[in-house]
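> Predicted coordinates and the sequence they were generated for:
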Amino acid sequence: MGEGPADPARLPELPEFSIENLSWVHGTIPVAANYQLVIDNLMDLSHVEFMHPFLGAPGSSERVKYDSYLEEEVVCSNYQLDAELTAPLIRMLWPTAP
C-alpha cells in the first residue's frame, strides 16, 4: 500500500508463503479511500468485535494484550489473546475448534 509501485528490494521476506501444506489467497480489493486509512483499519484490530462480530468473540477487546513498536522503518503490531474464545466464523468452518 502506498503512493506508487512497491520497491521489491524493500519488501520483507515472508517464508510462510513457501510452506507446502498451507493455502494462500492472493489478490486485491479496491478501496475508495486513502491507503493510510486502510492501514489504520488493518493495524487496529480492536474494532473487529464491534464492526465484524462474526470474526471476533464478544468482549475480546477487553481481554487483548496489545503492543506496537518500530523496528527501523517497520511498524510492528502484536495482539495477544490468551485462552480466547473461538470466534463464530471459526466455529462454523471448523466445528471441532475449542
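Done, it's in.

> low-scoring stretches of the chain, by residue?
98 (pLDDT under 70).

> The same query, at a cut-off of 80, please.
For the chain, the stretches with pLDDT under 80 are 1-2, 45-46, 56-57, 84-85, 97-98.

> can you tell me which residue is nearest the centre of it?
With distances taken as CA atoms, centre = their mean, the chain has Leu42 as the residue nearest its mean C-alpha position (5.9 Å).

> for whichever strand or helix holds it, which positions count as buried?
Assessed by DSSP states H and E, Leu42 sits inside helix 35-43. Within helix 35-43, no residue is scored as buried using 16 or more other CB atoms under 10 Å. (Glycine included, C-beta is placed from N, CA and C.)

> The chain: helices as residue ranges?
Per DSSP state H, the chain carries helices over the ranges 35-43, 48-51, 60-63, 88-93.

> what comes into contact with the helix holding Leu42?
Residues from elsewhere that reach helix 35-43 (CB atoms under 8 Å, 6 or more residues apart in numbering): 1-3, 31, 47, 68, 75, 77.

> could you dump it to PDB, C-alpha only?
Coordinates of each C-alpha in helix 35-43 appear next as PDB, following Å, rounded to 0.1, in the frame of the first residue of the first chain:
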ATOM      1  CA  TYR A  35      -4.300   4.000   1.700                       C
ATOM      2  CA  GLN A  36      -3.300   5.400   5.200                       C
ATOM      3  CA  LEU A  37      -6.900   4.800   6.400                       C
ATOM      4  CA  VAL A  38      -6.800   1.200   5.200                       C
ATOM      5  CA  ILE A  39      -3.500   0.700   7.100                       C
ATOM      6  CA  ASP A  40      -5.100   2.200  10.200                       C
ATOM      7  CA  ASN A  41      -8.000  -0.200   9.900                       C
ATOM      8  CA  LEU A  42      -5.800  -3.300   9.500                       C
ATOM      9  CA  MET A  43      -3.500  -2.300  12.400                       C
END
